[in-house]
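> From the sequence below, what's the structure:
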Amino acid sequence: MSWRGRAQDTGTTEDHGPGERAVDVRTFRDLMSGFPSGVAVVTAVDDEGAPRGMTCTSLCSVGLCPPSLLVCLDNRSGTLRAAVSRGVFAVNLLHTGGRRAASVFGRPGPGPFTDVDWEPVGPHGLPRLVSDAHTTAVCRVLRTVPGGDHTVVLGAVEQVATVDGARPLLYGRRRYATWPAP
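Predicted coordinates for the structure are as follows:
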């Protein structure tokens, strides 16, 4: 085993104690790319009724009582602002046919919803990616926790819709992969 990445002094005590060091961004990205995960698009509707969405691989279950999960969303994201403002969001878990949606929602810019099939679901009209998601969960925001340049959003899962037989899309080592066939 070789150790990579020279520790960098952040020059601040906001996220680290005095004298503590953080690895550089490239080393951290390399670390996280070695932990493959499923791919999701988190969606919400802003106060003007416009759909918002972003690709997210920082997603995990939190607990069973209540059934809850967390997502980590970029602080600059309109999706984060919409989810917090309205108090609800949807998690669209992508299947292998959803690579294009992952790319579209993974880059900044207007109008990713014009490039995908979607429909409003639930009482809040949250966007469900009809052609790209194998499962969609509608969540109520329980709490948010700041985490550097992202915010952790804890959500209670209130509704789930699943398409049977779809294989999840995976992402790791900076590339997409398909869940193996049974």
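> Could you count how many residues lie near residue 166?
When neighbours are counted by other CB atoms under 10 Å, residue 166 registers 18. Every residue, glycine included, has its C-beta placed from N, CA and C.
> got a list of what residue 97 touches?
131-132, 166 (CB atoms under 8 Å, 6 or more residues apart in numbering).
> Am I right that it is in a strand?
No - Residue 97: not assigned to a strand; according to DSSP: H, G, I helix; E, B strand; the rest coil it is helix.
> Compute the distance between it and residue 176, please.
11 Å (CB to CB, to the nearest Å).
> before we move on, the earlier item: quick one: the contacts of residue 97 as CSV, columns for secondary structure too.
Below are the contacts of residue 97 laid out as CSV (three-state DSSP):
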residue, secondary structure
131, coil
132, coil
166, coil
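> and which of the residues you listed is nearest residue 50?
Using CB to CB, residue 132 comes nearest to residue 50 of these, at 19.4 Å.
> Does that closest one touch residue 96 like I think?
No - contact criterion CB atoms under 8 Å: residue 132 and residue 96 do not qualify, at 9.8 Å.
> Neighbour count: these two, which is higher?
residue 132 (26 against 17).
> Show me where this structure has its strands.
7-9, 21-23, 37-38, 40-45, 51-56, 59-64, 67-74, 88-94, 118-121, 126-129, 133-147, 150-162, 169-172, 175-178 (DSSP state E).
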